[in-house]
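Participant: Kindly generate the corresponding structure for this input.
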Amino acid sequence: MKVHYIQDGDNVIAYFPRTLRFFNINDKTRQFIDALIAGDTEESIMTNLDISNEQYEQFNIKIQEYLGADDYLIDNYKNNYEHTLNNLSLNISNDCTLKCRYCYANGGVYHSPKQMMSIETAEKALECFYSRFEHINKVTFFGGEPTQNLPVMSFVCEYVQIRNSDRENKTALGLMTNGTQVTKELIDLINKYDIQVTVSFDGTKEMHDIARVFPDGKGSGQVVLDNIKELQKYTSQPTAIEVTYHKQHEANHVGIMDINRYIKENIGDIEIHLVPMGCKHNEKIEDLDLSNLNTFLNTVDEVLSEEGKGLSYTFVDRIMESLQEKRSSLYICDAAINSLSVTASGAIYPCAVMIDKESEWGGSIYDQDVFNSEAFNKMLSRYVSFNKVENTYCSECFANTVCYGCLGMNTITKGNPFELDEKMCELNKKMLEKIVIKMNHVS
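Facilitator: I've put the predicted structure just below:
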């Protein structure tokens, strides 16, 4: 789509998806834009709109610039994949300390036996991926709960540090944790290797305790909050909090902005990654499944107001950054394109969410020349071809230059990574329109 019109009270905004630009228009400008897109001749446009040749030329130069070229979506795969992997996720613990009620990973074991990644497997994975890519931006420790396997975490950190020593572009280290285990050994690793930590915490202790529970059913909220304080006392971490927003937040009148304020007041000025809960497509959890996403849409006005300064979160930030930086991507999600995951036993998947999904398996680090294997290339080709041009649903959508999705979440909620969630698509479109209106007011 080359232009999308947004009604803002009595005004109309022309939003140009290809160039991520927008401005107020009148009826004549709208007719001019539509005529250009329809391929009308210069003569017919001037006659129908009663404008001079000079006016036509002035309009035409500006509108053509805004309409943009056909190759407007950036192909991160072709540009980077031969050289750079954005994220390598290592599932170093196929087990967890919690039994979260909405866990997509079956209590941290996915569909495999409980297992810790060995140092041998970790070393093989690093050798395999570093031999394939000139640079890996980030290695992330994942699980289950990765803090259960500190020996392998330590080994990987040392391995990456040695590789970083003679390279200008360094590989960063990340940790995704449920925050239930913070020991001196972990703190020492974080400080020594500058590990960037993200902690899962569902906004308030009360809401957290509803779903994120220990195997005995006891809520983990206070333990997590205390451990976050411990991390902050002895390290510069965490750098981010991941919140899963579920139906009980809504039922208890805990809004998104309430969560943002609580985190800012009790944890600090920290990045907030807040996502709606998605139930397994074949296993609904009625008291947690969030069927109405309007609460996310309703936060936009406050986030972008004076009162909302400093209270934004990634859902809004991604759209804002795309509009401000004029940045777009050909792909809905980084899975397989810029991000890959290795299980505790060495199997390769597009991302951690898809571990043990047989249809998404991409071979093993122990396979000979795995990146040229049939299994890996079959997996990869499916994700490369599912882009915003070849996928007709996306190609005709005005939000395709700013939208992001999670193919892993599609796997959970739909049973298929390539079946888009219509609710999320509608939310992306409505949020984009709201944000464009707000930005247009201050531009």
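
Participant: where do the helices sit along the stretch 151-300 of the chain?
Facilitator: 184-193, 205-211, 221-234, 247-251, 256-266, 294-297, 300-303 (DSSP state H, counting those that start in this stretch).

Participant: Among those helices, which comes closest to residue 128?
Facilitator: helix 184-193 (21.1 Å; Cβ to Cβ). For every residue, glycine as well, the C-beta is placed using N, CA and C.

Participant: Pull the residues that contact that closest one.
Facilitator: 147, 150, 153-154, 157, 160-161, 173, 175, 195, 197, 230-231, 234-235, 237 (Cβ atoms under 8 Å, 6 or more residues apart in numbering).

Participant: related to what we said a few turns ago, for the helices of the stretch 151-300 of the chain, give me TSV that also has mean neighbour count and distance to residue 17.
Facilitator: Formatted as TSV, the helices of the stretch 151-300 of the chain follow (neighbours: other Cβ atoms under 10 Å; distance: least, Cβ to Cβ, whole Å):
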stretch	mean neighbour count	distance to residue 17
helix 184-193	17	41
helix 205-211	20	36
helix 221-234	17	40
helix 247-251	18	32
helix 256-266	18	26
helix 294-297	16	19
helix 300-303	19	19
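
Participant: Output the ones you listed in CSV, with mean pLDDT appended to each entry.
Facilitator: Below are the helices of the stretch 151-300 of the chain laid out as CSV (pLDDT from 0 to 100):
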stretch, mean pLDDT
helix 184-193, 98
helix 205-211, 96
helix 221-234, 98
helix 247-251, 94
helix 256-266, 94
helix 294-297, 90
helix 300-303, 88
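
Participant: With distance to residue 41 as new columns, can those be given to me in TSV?
Facilitator: Listed next are the helices of the stretch 151-300 of the chain as TSV, based on distance: least, Cβ to Cβ, whole Å:
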stretch	distance to residue 41
helix 184-193	65
helix 205-211	61
helix 221-234	65
helix 247-251	55
helix 256-266	50
helix 294-297	42
helix 300-303	41
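
Participant: Which one, of those, ends up nearest to residue 357?
Facilitator: helix 205-211 (22.8 Å).

Participant: ok so, going back, for the contacts of helix 184-193, which one is nearest residue 420?
Facilitator: Relative to residue 420, the closest of those is residue 175; by Cβ to Cβ it sits at 30.5 Å.

Participant: OK, contacts around the closest one?
Facilitator: 140, 141, 146, 147, 153, 190, 195, 196, 197, 198.

Participant: make it 10 Å
Facilitator: 92, 139-143, 146-147, 153, 186, 189-190, 195-199, 237-238 (Cβ atoms under 10 Å, 6 or more residues apart in numbering).

Participant: got it, and residue 434?
Facilitator: 6, 8, 297, 298, 299, 300, 301, 303, 304, 316, 319.

Participant: Distance to residue 49 for those residues - can I get that in TSV?
Facilitator: Putting those into TSV (distance: Cβ to Cβ, whole Å) gives the following:
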residue	distance to residue 49
6	22
8	23
297	36
298	40
299	41
300	35
301	36
303	39
304	35
316	38
319	34
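
Participant: and residue 406, how far is that from residue 429?
Facilitator: 17 Å (Cβ to Cβ, to the nearest Å).

Participant: Kindly state the domain boundaries assigned to the chain.
Facilitator: 4-72, 85-443 (automatic domain parsing).

Participant: Burial-wise, tell me which of those comes out on top.
Facilitator: Mean neighbour count, computed with mean count of other Cβ atoms under 10 Å, is highest for domain 85-443 among the domains of the chain, reaching a mean of 18.

Participant: Between the two ends of that domain, what distance do you get?
Facilitator: Domain 85-443 has an end-to-end distance of 36 Å (Cα to Cα, to the nearest Å).

Participant: Now do that domain: distance to the chain's middle.
Facilitator: Distance, stretch centre to chain centre, for domain 85-443: 7 Å (Cα atoms, centre = their mean, to the nearest Å).

Participant: same question for the longest helix along the chain, mean pLDDT?
Facilitator: Counting by DSSP state H, the longest helix found in the chain is helix 422-442. Mean pLDDT, helix 422-442: 92.

Participant: swap in stretch 380-395?
Facilitator: 89.

Participant: mind saving the C-alpha coords of it as CSV?
Facilitator: Output in CSV follows, covering the C-alpha atoms of stretch 380-395 (Å, rounded to 0.1, in the frame of the first residue of the first chain):
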residue,chain,number,x,y,z
LEU,A,380,15.5,-21.4,7.0
SER,A,381,13.8,-21.2,3.6
ARG,A,382,10.4,-21.2,5.1
TYR,A,383,11.2,-18.2,7.3
VAL,A,384,12.9,-16.3,4.6
SER,A,385,9.9,-16.7,2.3
PHE,A,386,7.4,-15.7,4.9
ASN,A,387,8.0,-12.0,4.6
LYS,A,388,6.0,-8.9,4.1
VAL,A,389,6.2,-9.0,0.3
GLU,A,390,5.6,-12.6,-0.4
ASN,A,391,2.9,-12.9,2.3
THR,A,392,-0.1,-11.1,0.6
TYR,A,393,-1.9,-10.4,3.9
CYS,A,394,1.1,-8.2,4.9
SER,A,395,2.0,-6.8,1.5
